[in-house]
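Chemist: I need the structure of the sequence given here:
(one chain, ligands or ions: 1)
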Amino acid sequence: MKVRLAKTAGFCMGVRRAMEIVLAEANKKKGPLFTFGPLIHNNQVLDLLSSKGVIPVENLDGLQTGTIVIRAHGIPPQRRQAIKDTGLTVIDATCPKVAQVHSIIHYHTKKGYTALIVGDKDHAEVVGLKGHSKGPVYVIQEVKDVDALPHLDKAFVVAQTTQDEQNYHKVVYTLKERFPDILVFNTICDATHQRQKEVRSFKGQVDALIVVGGYHSGNTQRLAQVAKKAGIPAFHVETEKDLDKKKLFGMQLVGVTAGASTPNWMIKNVVKEIETMRGRKESPFARWIRRIFRFLVVSNLLVASGAFCFSYAASVLSERGSSLMFPFLAFLYIYAMHVLNHFLDRGASAYNDPERSSFLIKNRRTLIISGIAAIATALALSCTISLTTFVALSGISFFGIIYSLPLIPEKIQHIYPYSKIKDIPGSRSLSESLAWVAVITILPLFKIDSIVWPAVIISTLVVFLMSYTRSALFDIFQAQGDMIVGTETLPITMGERRTLVLLKSVLLTTALVLAGGPIIGLVRPFSFVILLPLLTLSFCLLAYEKRWLYPGINFEALVEGNFFLAGFLAVSWQAV
Ligand code: SF4
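Modeler: Alright, predicted model coming up:
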């Protein structure tokens with residue numbers, strides 16, 4: 001069955017920020033860590049936080065030491081003061097957009113206006129909003145509540161940030177009829193606005209819409225209501241186990257969206273489950289092809305084949321002939337390192353890529369044996385080339401293996417906190433791209449008699465920059481899981497926006513190297529040809545930035561496809 005995933009599905013800015021704050025604090029392991037109320041309305045995320053020692057508390061009784069985080073919904077100022085009085089360290093994760101509504105309420109009620117809040121009376125955010133009022137405040141939910149309001153001379157209206165927009169507009173319209181001078185602030189946040197707008201846009205496009213998120217999450221419930229009001233058959237599920245397969249049976253295209261508090265891995269699990277259901281028009285052959293394709297991705301055979309192709313392209317670019325031996329070594333090495341490193345450090349993959357993780361767990365023994373066999377074969381083959389090639393590949397393999405192993409004893413981690421190489425902030429993209437460079441462009445140098453240095457330098461730069469972009473792009477896709485386990489990848493230390501800017505600069509530099517090399521006579525014109533996969537790699541970056549595509553197996557394959565394209569172009573170049 002086909003899935004159309006909403007661009008807006010998943011954590012909103014406020015929830016992501018609150019999660020980052022809490023996880024960063026939890027990973028410091030500095031003593032008791034509390035959240036005032038559940039951080040978000042999602043049981044699976046709360047279970048995960050509790051496994052990291054984060055304790056949600058509803059009252060302050062008995063709390064004296066530790067840190068307490070105020071969640072994204074915000075709280076009334078009186079309660080904030082009570083928390084401060086306990087002596088706990090307070091970290092405020094109130095969403096800036098909610099804080100803006102606090103300011104509006106505080107400012108206008110101080111000037112004598114009566115506050116009207118359109119929202120759910122008992123919702124934590126509304127309780128917080130009410131607390132910021134310096135005068136009378138009324139909470140209304142629907143148009144019919146307007147009649148019950150007393151006469152008001154000076155009034156203003158705001159919305160709970162996750163309100164249904166259409167409902168808010170209707171209430172405001174009715175309020176204006178009754179209080180023509182009322183001040184109106186549309187405080188529905190943009191994340192909510194875009195999410196609901198996208199849900200309505202699914203009408204007529206999909207057979208049904210699945211809304212993923214906690215059953216107690218107000219904004220998730222509202223998305224399902226918005227869909228139903230728009231006439232779209234909608235099902236609210238918390239996990240993939242809640243999918244009603246009987247009702248979905250025979251559908252062709254199903255839309256998936258998710259509440260602002262739903263993590264990516266839960267969305268991926270639901271998408272995967274739907275994709276494995278048989279669609280109305282899907283033939284057994286198409287289903288079979290899809291399974292093979294998935295197998296190639298999750299088994300790491302696709303990335304290894306990409307390295308093979310890219311290695312061949314690099315050999316043509318660096319003018320060292322077109323032997324297939326070194327591309328084959330690259331295939332074996334990249335396959336072995338991906339598989340073995342996964343088992344040495346499973347950490348974030350259960351959150352980042354549940355499908356791959358469960359595949360790897362299920363086939364653990366076979367994969368470990370195949371990984372060891374791959375590196376052993378690579379070493380044996382390197383022996384047949386030369387002793388120096390064997391020694392060099394052994395060194396590269398050694399560094400590849402120790403990358404995920406703890407090297408610093410726990411006793412001295414207070415002096416140097418990074419036990420593994422992979423723990424060093426930003427090291428993953430760098431280590432991966434250096435490994436690609438080592439096996440693709442450095443290793444063959446031990447065998448060549450006459451090295452064309454300008455071409456070698458250019459091909460080394462291109463391999464480094466393109467593989468760095470690939471790796472950092474995957475780091476962006478995997479940021480949520482890495483954040484949970486405390487791996488400080490580039491997007492986590494720099495932020496996603498800055499990482500994207502950096503990657504654009506990397507791509508631009510690569511383009512200049514590829515275009516400038518042949519112009520000043522350093523490499524053959526084949527360099528111009530490699531601009532094409534660079535362009536398609538840039539498209540992948542853009543597709544992510546614009547949310548045209550959602551991170552997952554298909555997107556991963558698309559990124560790896562750029563390296564296949566480079567290999568294909570090299571073969572074609574050699575043929576003509
Ligand atoms: S839905 Fe909007 S206001 Fe609420 S936490 Fe998310 S970004 Fe902030």
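Chemist: Next up, the contacts around the residue of the stretch 251-400 of the chain found nearest the ligand.
Modeler: Proximity of the stretch 251-400 of the chain to the ligand (CB to the nearest ligand atom) peaks at residue 260, 4.5 Å away. Just so you know, the C-beta spots here come from the backbone N, C-alpha and C atoms, and that holds for glycine as well. Residues near residue 260 by CB atoms under 8 Å, 6 or more residues apart in numbering: 10-12, 14-15, 162, 191-192, 195, 217, 219-220.
Chemist: where's the residue minimising distance to the centre of the chain relative to residue 269, distance?
Modeler: For the chain, the residue nearest the mean C-alpha position is residue 477 (3.9 Å; CA atoms, centre = their mean). Relative to residue 269, residue 477 is positioned 15 Å away (CB to CB, to the nearest Å).
Chemist: before we move on, back to that, excluding sequence neighbours, find me the nearest residue to the residue nearest to the centre of the chain.
Modeler: residue 551 (3.7 Å; CB to CB, 6 or more residues apart in numbering).
Chemist: Can you tell me which of the contacts of residue 260 is nearest residue 489?
Modeler: residue 11 (17.0 Å; CB to CB).
Chemist: What confidence value was assigned to that closest one?
Modeler: Looking at residue 11, its pLDDT reads 87.
Chemist: go on, residue 178?
Modeler: 95.
Chemist: Number of residues surrounding it?
Modeler: Residues near residue 178, counting by other CB atoms under 10 Å, number 13.
Chemist: Who are the contact partners of it?
Modeler: When contacts are taken as CB under 8 Å, 6+ apart, residue 178 is in contact with 146, 149.
Chemist: Repeat the analysis, applying 7 Å as the threshold.
Modeler: By CB atoms under 7 Å, 6 or more residues apart in numbering, residue 178 lies in contact with residue 146.
Chemist: Tell me where this structure is predicted with low confidence.
Modeler: Per-residue confidence for the chain (pLDDT under 70) gives these ranges: 279-282, 345-350, 409-418, 485-486.
Chemist: Could you pick out the residues of it near the ligand for me?
Modeler: Selection of the chain residues close to the ligand by CB under 6 Å from any ligand atom yields 12-15, 72, 95, 97-98, 161-162, 189, 191-192, 260.
Chemist: which one of these sits closest to residue 405?
Modeler: residue 15 (34.4 Å).
Chemist: would you say the closest one is within a helix?
Modeler: Yes: according to DSSP: H, G, I helix; E, B strand; the rest coil, residue 15 belongs to a helix.
Chemist: wait, it sits on residue 261?
Modeler: Yes: contact criterion CB atoms under 7 Å: residue 15 and residue 261 qualify, at 5.2 Å.
Chemist: Can you pull the residues that touch both of these two?
Modeler: Taking CB under 7 Å, 6+ apart as the criterion, residue 15 and residue 261 both touch residue 40.
Chemist: And the strands in the stretch 251-400 of the chain?
Modeler: For the stretch 251-400 of the chain, strands defined by DSSP state E, counting those that start in this stretch occupy the ranges 253-258.
Chemist: again with the stretch 101-250 of the chain
Modeler: Using DSSP E, counting those that start in this stretch, strands in the stretch 101-250 of the chain cover 114-118, 137-140, 155-159, 183-184, 208-212, 234-237.
Chemist: any chance of those in JSON lines, with mean neighbour count and distance to residue 245 too?
Modeler: Formatted as JSON lines, the strands of the stretch 101-250 of the chain follow (neighbours: other CB atoms under 10 Å; distance: least, CB to CB, whole Å):
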{"stretch": "strand 114-118", "mean neighbour count": "25", "distance to residue 245": "38"}
{"stretch": "strand 137-140", "mean neighbour count": "18", "distance to residue 245": "40"}
{"stretch": "strand 155-159", "mean neighbour count": "24", "distance to residue 245": "37"}
{"stretch": "strand 183-184", "mean neighbour count": "16", "distance to residue 245": "45"}
{"stretch": "strand 208-212", "mean neighbour count": "26", "distance to residue 245": "12"}
{"stretch": "strand 234-237", "mean neighbour count": "20", "distance to residue 245": "11"}
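Chemist: mind checking which of these is nearest residue 276?
Modeler: Here strand 208-212 is closest among these (CB to CB), at 14.0 Å.
Chemist: circling back: so how far is the ligand from the residue nearest to residue 477?
Modeler: Taking CB to the nearest ligand atom, to the nearest Å as the measure, residue 551 falls 20 Å from the ligand.
Chemist: Done for today, thanks.
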